[in-house]
Structures are given as C-alpha cells and as structure tokens.
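Asker: Generate a structure from the sequence data that follows.
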Amino acid sequence: MQSYGSVCLWGSPIFIADRGFSSYNVFAHAIENNVDFLIRAKDLNVQRFLGVGTLPDKLDTTIELILTRTQSKKKHKHPEKESQYHYICKNIAFDYLNPTDISDEYLLKLRIVRVEVSVGVFENIITTLSEEDFTPDDIKYCYNLRWGIETSFRDLKHTIGATNLHSKKTEYVAFELWSKLILYNFCSIIILHVPVKSRNRKYEYQVNFSIAMKIFFE
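Answerer: Here you go, the predicted structure:
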C-alpha cells in the first residue's frame, strides 16, 4: 500500500506522495487541477527524465518534456526539441493525449530537486514549486512533513489491523474502516496525555503504540 498526504502552507495545499505515485499521469492531473505537489522519485526515473547515466549528489533543475504516443520523428511537431520527446506506449495510462490522434503532444514542465536526507543518502523530489519561492532546503522540509503520515499508515495497517477486514460488502468494509480510524484516534488521544518521565538518556522515550493498544483493551 502506497501512502500519500497533503499539507497546507501559506494557504495553498501541497500534495505529497511516495515513489509509487511518480508517473506522468499523476503529474499532469495535479497540474491541470492547479495543485502543487512534492513526489519522491527513483534514481532510474530521474535518470530517464534527464537522459543521464548517473546523478550528482545535489541537483536542482527544471525540465520540459514533450509527451507523445508516436515514435515517428516525422510526426513530431517540434523537431528542434527532439531531445525533449518522451514516448508513452499505449499500455501506459495518460489522460491528456488524444487517443484517436497519435501525433498529439503534451508539454510537461517539472522541477527536480535532489537533496541529502542523511549522511550519504540522497532522495529525488519532483515538484511544481518554483525556485523563487522554495529553496532545496524548503523542499526537503516540506517533504519531511509527510513522515507523520507514514507512521500513521504503519500503525493503521499493522497495529490497528486495517489491512485485515472481515466484511465483503462495500458498506460493511467502509464501516470497519471507519471503526478502526475512530479506534486509532481514541488511542492516540489517550497516549498524548500519558506522562513520560524525563531521564538523562541518549534518546527521548515515548509511549509504545502497540503495547498501549493491548493495554487499553485487556
């Protein structure tokens, strides 16, 4: 299960998602609906976008891709920009190319930022946020806001058991999911009010969510 979420900064929502959402179709849908995004991408995807074999440790560049359903260079409308063309085969979903006109083209403008998230570990972020308003450090900070969503998904899937449902009918499945979400919120509220003694330790301790869940319902 891939996770995603959104944050609201300066009054505008920003869609934040993991590598499973890195696709031309997702990018285009967000752009067409005037939604800014931050989506993590694999090295291989970024290398293909840039046409390079290796990536530098740090990167901040804007690219323009021309998406098309034809591999025939004769049908390209901008032969002077041949290096920007990216072929999408018919089996790949893309909703903004005319299915009856293989010569149809779609211009996709993306910003690619590569940042160091820990010593020697780098991540690629594809975004529509401008260089004027967001520095690479801002991009890194915004994407890091997604971590709370990630940990919540982990608890919902495994501790609460949202991946194991007993119902088969749609309305009963929805009922189970809502019940588990309410249970998660209930437990989270109680945990927030549990005092943790402060001691001279290397790491700050916190309540174990899995153990707390078992205690609540014993």
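Asker: same for the lengthiest strand in the chain, what does it pack against?
Answerer: If you go by DSSP state E, the chain has its longest strand at strand 105-118. Counting contacts by 3 or more CB pairs under 8 Å, 6 or more residues apart in numbering; DSSP states H and E, strand 105-118 packs against helix 24-32, helix 43-50, strand 59-68, strand 121-127, helix 136-144. Placement of C-beta: from N, CA and C, glycine included.
Asker: Tell me which of the ones you listed sits most buried.
Answerer: strand 121-127 (a mean of 19; mean count of other CB atoms under 10 Å).
Asker: Would you mind saying which of the helices and strands packed on strand 105-118 lies nearest Q84?
Answerer: strand 59-68 (4.9 Å; CB to CB).
Asker: related to what we said a few turns ago, closest one to T170 among the helices and strands packed on strand 105-118?
Answerer: Nearest of the helices and strands packed on strand 105-118 (CB to CB): helix 24-32, 24.9 Å.
Asker: who touches the closest one?
Answerer: 15, 17, 36-37, 39, 65, 67, 86, 88, 92-96, 106, 108, 110, 126, 128 (CB atoms under 8 Å, 6 or more residues apart in numbering).
Asker: Quick one: buried ones out of those residues?
Answerer: 15, 17, 36-37, 39, 65, 67, 88, 94, 96, 106, 108, 110, 126, 128 (16 or more other CB atoms under 10 Å).
Asker: Show me which pair in the residues you listed is furthest apart.
Answerer: Farthest pair in the buried ones among the contacts of helix 24-32, by CB to CB: D36 and I88, 23.3 Å.
Asker: ok so C187 is a helix residue?
Answerer: Yes. C187 sits within a helix when classified using DSSP: H, G, I helix; E, B strand; the rest coil.
Asker: Correct me if wrong: it contacts F209.
Answerer: Yes. Using CB atoms under 8 Å, C187 makes contact with F209 at a distance of 7.3 Å.
Asker: of these two, who's got more company?
Answerer: C187 (20 against 17; other CB atoms under 10 Å).
Asker: Just the pLDDT at that one, thanks.
Answerer: C187 carries a pLDDT value of 83.
Asker: W178 versus that one, what's the distance?
Answerer: 15 Å (CB to CB, to the nearest Å).
Asker: in what helix or strand does I16 lie?
Answerer: strand 12-17 (DSSP states H and E).
Asker: Could you spell out the sheet neighbours of that strand, each with its direction?
Answerer: strand 4-9 (antiparallel), strand 36-41 (parallel) (DSSP bridges).
Asker: The ones you listed: lowest mean pLDDT?
Answerer: strand 4-9 (a mean of 52).
Asker: quick check: angle from the strand holding I16 to helix 24-32?
Answerer: If you take axes from the mean of the first three to the mean of the last three CA atoms, to 10 degrees, strand 12-17 sits at 180 degrees to helix 24-32.
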